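**Q** prediction below, plus the sequence it came from.
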Amino acid sequence: MTTRPRTVGKLPLPELAEMKRRHDRIVMVTAYDAPAARLADEAGVELVLVGDTAAMVMLGHESTVPVTLDEMVFLTRAVTRAAKRPIVVGDLPFGSYQPSDAEAVASAIRLVKEGGADVVKLEGAGRMAARVRAIAESGIGVMGHVGLTPQSATKLGGFRAQGRTATAALELYRGALELEAAGAFAVVLEAVPAPVAAAITAALSVPTIGIGAGPDCDGQVLVWHDLLGLYAGGTPRFVKRYAELADEIVEALGRYAADVRSGAFPEDRHTYSIPDDELAEFEAALSEQR
């Protein structure tokens, strides 16, 4: 395993642009609780995204849409308690920023002030560029997101690759440029053909973070439960599993259940003792009460 030398303290946001300039790849992973955030921090990643994917992998929903801002604030607060070095990105959930610039700013402030996020992320370009600008002008860093935007999956025809025609690819290209112009410090490219993502990455001065967008993005992101083999749902083709922890967990739980049922657990080494004289006094007291 190779890891980048760790800096002391919180990674400065401008370092991401410097990494793009140096052609150092940026690592982002999702996390939804303190234990995962601590492990991601120990692994030396640059960015931890508290993604609205929590709706599916943590809360059992069929899509990202149902998760609320209150729930995202709660999850973000747990992550920020443990992620000391990485930049923590709080994901703005569906309905928390689309209605107006004012609502977008208010939601972003909640994720930062109550959740402890360092920056926020939102989906879409076009009129969403105005939301990015409003949040950025309020003093909060914003990560953009184009391509497959899960909050709009129904409108896009499902969870499928975007930008696979010349017209659609040009729209993504222009959308990414709009987000940069609006003040986004980075742009996620999801489920975008690799040559299109490469062209966008070359055109932007801010980093791109790919997920299913090929090797030429400035960084990559995967969902915690996907890369570790914890999620029971369907796995996109762009996911690489680095472990099969669900199988290990089920096997471990099965052994635990078998030990409980057979009486093999707990053993003496798993129990606490009491001094003989204290036990005798306790038993005598019980006898008096009978």
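**A** Received, thanks.
**Q** assumed residue 35 was part of a strand.
**A** No. Using DSSP: H, G, I helix; E, B strand; the rest coil, the assignment for residue 35 is helix, not a strand.
**Q** and the nearest residue to it once chain neighbours are set aside, how many neighbours?
**A** Computed as CB to CB, 6 or more residues apart in numbering, the closest residue to residue 35 that is not its neighbour in sequence is residue 82, at 7.2 Å. Backbone N, C-alpha and C define where each C-beta goes, glycine included. Neighbour count for residue 82, taken as other CB atoms under 10 Å: 19.
**Q** what separates residue 82 from residue 88, distance-wise?
**A** Counting by CB to CB, to the nearest Å, the gap from residue 82 to residue 88 is 10 Å.
**Q** now swap in residue 175 and tell me
**A** 25 Å.
**Q** give the residue from the two that has the larger number of neighbours.
**A** Using other CB under 10 Å, the more surrounded residue of residue 175 and residue 88 is residue 88, with 27 against 22.
**Q** tell me the predicted confidence for that one.
**A** According to the prediction, residue 88 has pLDDT 98.
**Q** buried residues in whichever strand or helix holds residue 72?
**A** In the assignment (DSSP states H and E), residue 72 maps to helix 69-82. By 16 or more other CB atoms under 10 Å, the buried positions in helix 69-82 come out as 69, 71, 72, 73, 75, 76, 77, 78, 79, 80, 82.
**Q** same question, stretch 95-108
**A** 96, 97, 98, 101, 103, 104, 105, 107, 108.
**Q** please apply the same query to stretch 223-241.
**A** 223, 224, 225, 226, 227, 228, 229, 230, 231, 236, 238, 239.
**Q** mind listing which of those residues are in strands?
**A** Among the buried residues of stretch 223-241, none falls in strands (DSSP state E).
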